[in-house]
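Student: coords below, sequence missing:
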């Protein structure tokens, strides 16, 4: 019975150690989850602040002008590209006509 008693005592010691490690792991997990939630809340608060700032201070006149200038430049570039394409097509057609004539 002494052997059983000693074995039971060792088992209790091992189980207490395991329970202690599990408790520490649970505590670490809770702490990590709390920190993650805190970071997430801070990020959401920053996004909300930026959205409020954008609503309170819409794009300035200069930003609108810049946007319009960029859009106009894009339109001009597309028109230029289309004109170059038509010119190349016309040159190709003229070359074909010239080759046919020969």
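Tutor: Great, that's in hand. Since we're looking at a predicted model, the values are computed, not measured.
Student: please make it C-alpha for all contacts and neighbour counts, starting now.
Tutor: Noted.
Student: by contact count, what packs against the longest helix along the chain?
Tutor: What stands out as the longest helix in the chain, according to DSSP state H, is helix 2-56. Helix 2-56 sits against no helix or strand, with contacts defined as 3 or more C-alpha pairs under 8 Å, 6 or more residues apart in numbering; DSSP states H and E.
Student: what is the mean pLDDT for the next helix or strand after that helix?
Tutor: Note on helix 2-56: by DSSP states H and E, the next helix or strand toward the C-terminus is helix 61-101. Taken as a whole, helix 61-101 has a mean pLDDT of 87.
Student: do stretch 40-47 as well
Tutor: For stretch 40-47, mean pLDDT is 93.
Student: any idea how far residue 91 lies from residue 39?
Tutor: Noted for residue 91: a distance of 63 Å to residue 39, by C-alpha to C-alpha, to the nearest Å.
Student: for residue 76, same thing?
Tutor: In terms of C-alpha to C-alpha, residue 76 sits 46 Å off from residue 39.
Student: residue 25 now?
Tutor: On the measure of C-alpha to C-alpha, residue 25 and residue 39 end up 21 Å apart.
Student: residue 72 now?
Tutor: Counting by C-alpha to C-alpha, the gap from residue 72 to residue 39 is 42 Å.
Student: ok, now residue 32?
Tutor: The gap separating residue 32 from residue 39 is 11 Å, by C-alpha to C-alpha.
Student: same thing with residue 3?
Tutor: 54 Å.
Student: which of those two has more residues huddled nearby?
Tutor: residue 39 (12 against 8; other C-alpha atoms under 10 Å).
Student: nothing else from me, thank you.
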